[in-house]
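K.L.:
Test case, fold it:
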Amino acid sequence: MSDRQKGLVDALKFVVPKAEIRFCARHIWANFKLTWSGQVYKEAFWTAARALTQADFDKAMEGMKFLSKEAYAYLRAIPAQHWSMHAFGKQAKSNMLLNNICESFNAVIREARDKPILTHMEWMRRYVMKRMYEKREGVKKYNEEYMPYVDKSLKWAIDESRFCKFIGSSLNVYEVDFHGEQVVVNIEARTCDCNHWQLTGGTVAAYVDEVYSKAKYVLAYEPVVAPIPGQKLWEKTGLPEPLPPAERVMPGRPKSKKRRKEPGEDDGKGSLATTKELARTPQWPPTPKSKGGRPQKSTAWAKEARQIAEKRKATKEGYLRCTGSTSNIQHSAVTTDGQANGTQQSVVRDHELFN
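P.N.:
Numbering: from 1, shown residues only. Next comes the predicted model:
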């Protein structure tokens, strides 16, 4: 399972020529929707990717051709055995469409990526040794014949069997009607025309493929990674120790250590920390960028300030018309004996207020 990075497909053909190669459907869709986006194209693409039979795949591709001949040609150029369920090999007993296993592995080794080669390999060895040990010890507490994944699949099959109507043809061959689809099931050969049995290894308790059994699980984690002593106890070879390469500053802006995400991978969802921060901080409407100079006359603050200034000016002008000039007010504010007159005091206070 790969994301079709440049050179990776050719390398897999050279290194593991007999292995079944699948392409991650999510990465294909991420590139596909750059040109043909929308819910209709999305449903048509995933219908073709999840098609279990050739007839279902052809029907889905005809729908894609009706939407866009260019989109149809784009998907036809990718071999169906790499991205559509109906063309997958039957030996793997898996209908997986996404490379979640690779993404999980990359997330685990993130801590060791930037370490020197010896430290990196030692970290990987210790991680694999610990994981193999934990899996061997954990499966000892499990007493069922098949692993938990099979139990979930069997529960789903039991619920869906309510909609199955079958007619026996011979001892092990049946004609089954399921949601309007008519298929032939051969219990002895462990095949079904819907292709689901061959892909996943079966959903009937007595006919589940042994690859999902506890015995096979134990066998997968049976190899033991041997412990080794610390570096100071390693055998001396007498050869000079390898030195790290000289540090060199590369031109351009430093790249982020985070993985570059595909378009639409986030779907507008931020991290948990960002979500909490946004919930804690009130979101005010954005303030328009100021162009400098005097404040705009149309803002609410400017209008209110202008109204107050006009009101004060009108009040002052009316007061002066009734009492005379400013010099007369200041001249008569105090009597000859130093005692302030009540009327004159109020005049002085009003004068100071308006000035």
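K.L.:
Listing request: residues of the chain with sub-threshold pLDDT.
P.N.:
Applying pLDDT under 70 to the chain flags the ranges 201-206, 257-297, 319-320, 322-355.
K.L.:
again, only this time at 90
P.N.:
Residues of the chain meeting the criterion pLDDT under 90: 1-24, 27, 37-38, 52-53, 55-56, 81-82, 85-120, 138-217, 229-355.
K.L.:
could you pull out the helices for it?
P.N.:
Counting by DSSP state H, the chain has helices at residues 8-15, 25-32, 39-49, 54-67, 69-76, 100-108, 117-139, 148-160, 196-200, 214-220, 272-280, 300-323, 326-331, 342-354.
K.L.:
Could you export the ones you listed as JSON lines, including distance to V183 and mean neighbour count?
P.N.:
All C-beta spots, glycine's among them, are computed from the backbone N, C-alpha and C. Shown next, in JSON lines, are the helices of the chain (distance: least, C-beta to C-beta, whole Å; neighbours: other C-beta atoms under 10 Å):
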{"stretch": "helix 8-15", "distance to V183": "34", "mean neighbour count": "11"}
{"stretch": "helix 25-32", "distance to V183": "24", "mean neighbour count": "18"}
{"stretch": "helix 39-49", "distance to V183": "19", "mean neighbour count": "17"}
{"stretch": "helix 54-67", "distance to V183": "11", "mean neighbour count": "16"}
{"stretch": "helix 69-76", "distance to V183": "26", "mean neighbour count": "15"}
{"stretch": "helix 100-108", "distance to V183": "29", "mean neighbour count": "11"}
{"stretch": "helix 117-139", "distance to V183": "36", "mean neighbour count": "13"}
{"stretch": "helix 148-160", "distance to V183": "13", "mean neighbour count": "13"}
{"stretch": "helix 196-200", "distance to V183": "9", "mean neighbour count": "20"}
{"stretch": "helix 214-220", "distance to V183": "28", "mean neighbour count": "13"}
{"stretch": "helix 272-280", "distance to V183": "45", "mean neighbour count": "10"}
{"stretch": "helix 300-323", "distance to V183": "71", "mean neighbour count": "11"}
{"stretch": "helix 326-331", "distance to V183": "105", "mean neighbour count": "12"}
{"stretch": "helix 342-354", "distance to V183": "96", "mean neighbour count": "12"}
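K.L.:
Minimum distance to H86: which of these has it?
P.N.:
helix 54-67 (5.0 Å; C-beta to C-beta).
K.L.:
From the chain's centroid, how far away is the closest one?
P.N.:
Here the centre of helix 54-67 is set off from its chain's centre by 29 Å, with C-alpha atoms, centre = their mean, to the nearest Å.
K.L.:
Please list the outside residues in contact with that helix.
P.N.:
36, 40-41, 44-45, 47-48, 51, 71-72, 75-76, 80, 84, 86-87 (C-beta atoms under 8 Å, 6 or more residues apart in numbering).
K.L.:
In those, find the pair that's most separated.
P.N.:
Maximum distance among those (C-beta to C-beta): 23.9 Å, for V40 and A87.
K.L.:
Backbone dihedrals for K236, both of them.
P.N.:
Note on K236: its backbone torsions stand at phi -80, psi 130 [degrees, to the nearest 10].
K.L.:
Quick one: neighbours of it, just the number.
P.N.:
K236 is flanked by 5 other residues according to other C-beta atoms under 10 Å.
K.L.:
Tell me which residues touch it, please.
P.N.:
With contact set as C-beta under 8 Å, 6+ apart, K236 has no partners.
K.L.:
and it, how far is that from S84?
P.N.:
Distance of K236 to S84, given as C-beta to C-beta, to the nearest Å: 57 Å.
K.L.:
same question, M121
P.N.:
Distance from M121 to S84, counting by C-beta to C-beta: 38 Å.
K.L.:
if we can go back for a sec, among the helices of the chain, which is nearest N186?
P.N.:
Closest approach to N186 among the helices of the chain (C-beta to C-beta): helix 196-200, 9.3 Å.
K.L.:
helices or strands next to that closest one in the packing?
P.N.:
Applying 3 or more C-beta pairs under 8 Å, 6 or more residues apart in numbering; DSSP states H and E, one finds that helix 196-200 contacts strand 191-192.
K.L.:
and the strand it packs on, which strands flank it?
P.N.:
strand 181-186 (antiparallel) (DSSP bridges).
K.L.:
Please list the residues outside the partner strand that contact it.
P.N.:
Under the contact criterion C-beta under 8 Å, 6+ apart, strand 181-186 has outside partners 166, 172-176, 191-194, 197.
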